[in-house]
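Undergrad: When you get a sec, could you give me coordinates for this:
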Amino acid sequence: MQKILIVDDDPELRETVSILLERERFVPLQAVDGQSALEKAFSMKPNLMLVDLRLPGMSGIEVCKQLRANRITTPIIILSAIGDEVDKVLLLEIGADDYVVKPFGTRELLARIRAVLRRSSDDGARTARFGEVEVDIERRTVRRNNKEVKVTPAEYNLLLFFLQNAERVLTRDLILNSVWGYEYYPNTRTVDAHVVRLRQKFEQDPAAPTHFVTVHGVGYRFLP
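TA: Numbering: from 1, shown residues only. The predicted model follows:
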């Protein structure tokens, strides 16, 4: 059974979500602040974390940063209150996989959890290769010509999605919803910006890409 760590200083919310998760055959774990969340993330190795944006002491954003800095790749869904200034791009860059606005419906929360777990699971392959590039899926590292290339969490998630959907024509909306998980994102320019970054890091000639190919009027196709 998959373990989900709920990080929130509201005991009523923690208990409500725990009961919901138990009914859906998940194992709920709880943490009341950022420091205990980090400790449980290291020791209990949850399959996913629900992290409140506003935590006493260490904020939810700082929890994300600390986990990713320590190469903890556990998927994270941020819980934010109505009125919070949620910078979606910032959340992606610090390693969050999705966010849900409180108060949220149980169906929405479960759908987000299952979508993130589905995206984070791999098909058993531990490495993938294309051109001069090798991707270690378990360690979430990327090497080109045997030299590690630094990628942000968002860049890595996009790269992995391309690898899992090689040869397919992918619309920008599909990429956005599958990689970022935002059903109503203001625009798709973030997809284009991240594809440009992947080209700069992994194409021999970024101006004439052979792997991350534009399909005009539609989106992109990844050619290994």
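
Undergrad: any idea how far residue 50 is from the residue sitting nearest the centre point of the chain?
TA: In the chain, the residue lying closest to the centroid (Cα atoms, centre = their mean) is residue 97, at 2.8 Å. Note on residue 97: its distance to residue 50, by Cβ to Cβ, to the nearest Å, is 11 Å. (Glycine included, C-beta is placed from N, CA and C.)

Undergrad: Quick check: neighbours shared by these two?
TA: Here residue 97 and residue 50 have residue 77 as joint contacts, going by Cβ atoms under 8 Å, 6 or more residues apart in numbering.

Undergrad: Need phi/psi at residue 56.
TA: Dihedral angles of residue 56 (phi, psi; degrees, to the nearest 10) stand at phi -70, psi 130.

Undergrad: and after whichever strand or helix holds residue 30, which helix or strand comes next?
TA: Assigned by DSSP states H and E, residue 30 falls within strand 27-31. Next helix or strand after strand 27-31 toward the C-terminus (DSSP H and E): helix 34-44.

Undergrad: who touches that following helix?
TA: Contacts for helix 34-44 (Cβ under 8 Å, 6+ apart): 3, 5, 7, 29, 31, 46, 49, 51, 55-60, 62-63, 66-67, 70, 72, 74.

Undergrad: Looking at the residues you listed, which are in strands?
TA: 3, 5, 7, 29, 31, 49, 51 (DSSP state E).

Undergrad: can you put these in TSV and add neighbour count, pLDDT and distance to residue 215?
TA: Shown next, in TSV, are those (neighbours: other Cβ atoms under 10 Å; pLDDT from 0 to 100; distance: Cβ to Cβ, whole Å):
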residue	neighbour count	pLDDT	distance to residue 215
3	17	94	40
5	23	97	39
7	28	97	40
29	19	96	43
31	26	95	44
49	28	97	35
51	26	95	36
